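> Requesting a structural model of the entry that follows:
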Amino acid sequence: RGGHTATAVGSRLYILFGADRNQTYISSIYCLDTETKTWSEVKASGSAPEPRSGHSAVEWKGGIVMLGGMTFVGEKIFDDCWYLDCNDPADLKWTCVESTGVPFKARNSHSATVITSGPLEGKMVVIGGGSEDGLLMHVQVGDLSLLPSKVSW
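Numbering: from 1, shown residues only. Modelled structure (predicted):
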């Protein structure tokens, strides 16, 4: 499995999506409970994102924000944003997040982080990646304060 993300939410580590060596895209979610030291495959309700790899994921307020990525099926690079609510580990839920403001540039293999304190708290910083136009050398900043309904870029 490669091109996946590993995101810690409390005492749990969630592995989202990715692809195998045959470029078969995976839409499964695995969870490591660090307290019991056990792995499990978990399901989420709601309309799920398309399988992908090369996306980014950050933790925000008990959930995971997943952004972009790609699939060779149709040579598609994604510009979408998703929120996986993990506040109740027994009832994970996907929400497709509306993007407002400057359009988010579709990208894969980028990096992202979220600022968790100070005057920029709640800002998701997305850097670089690849697009249909080649390498992206710019930064986009999203405001996560309106999640799970929208992100303003």
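> contacting residues for the residue nearest to residue 46 when sequence neighbours are not counted?
Residue nearest to residue 46 in three dimensions, not counting chain neighbours: residue 94, with 3.8 Å by CB to CB, 6 or more residues apart in numbering. For every residue, glycine as well, the C-beta is placed using N, CA and C. Residues in contact with residue 94 (CB atoms under 8 Å, 6 or more residues apart in numbering) are 44, 45, 46, 47, 48, 49, 82, 83, 84, 85.
> just those residues now: which is nearest residue 23?
residue 49 (17.6 Å; CB to CB).
> For the closest one, what is the enclosing helix or strand?
Take DSSP states H and E as the rule and residue 49 turns out to sit in neither a helix nor a strand.
> Quickly note the distance from it to residue 121.
26 Å (CB to CB, to the nearest Å).
> Which one of these two is surrounded by more residues?
residue 49 (20 against 11; other CB atoms under 10 Å).
> how close does the more buried one get to residue 75?
Distance of residue 49 to residue 75, given as CB to CB: 17 Å.
> Over to residue 94?
From residue 94 to residue 75 the distance is 24 Å (CB to CB).
> wait, is the residue nearest to residue 46 part of a helix?
No - assigned with DSSP: H, G, I helix; E, B strand; the rest coil, residue 94 falls outside any helix and is strand.
> what residues are up against the nearest residue to residue 121 once chain neighbours are set aside?
Among residues not flanking residue 121 along the chain, residue 115 sits closest, at 5.9 Å (CB to CB, 6+ apart). Listed by CB under 8 Å, 6+ apart, the contact set of residue 115 reads 121, 122, 123, 125.
> same question, residue 108
So residue 108 contacts 52, 53, 54, 55, 68, 69, 70, 77, 78, 129, 130, 131 (CB under 8 Å, 6+ apart).
> Can you tell me which of those is nearest residue 6?
Looking across the contacts of residue 108 and measuring by CB to CB, the closest to residue 6 is residue 55, at 12.0 Å.
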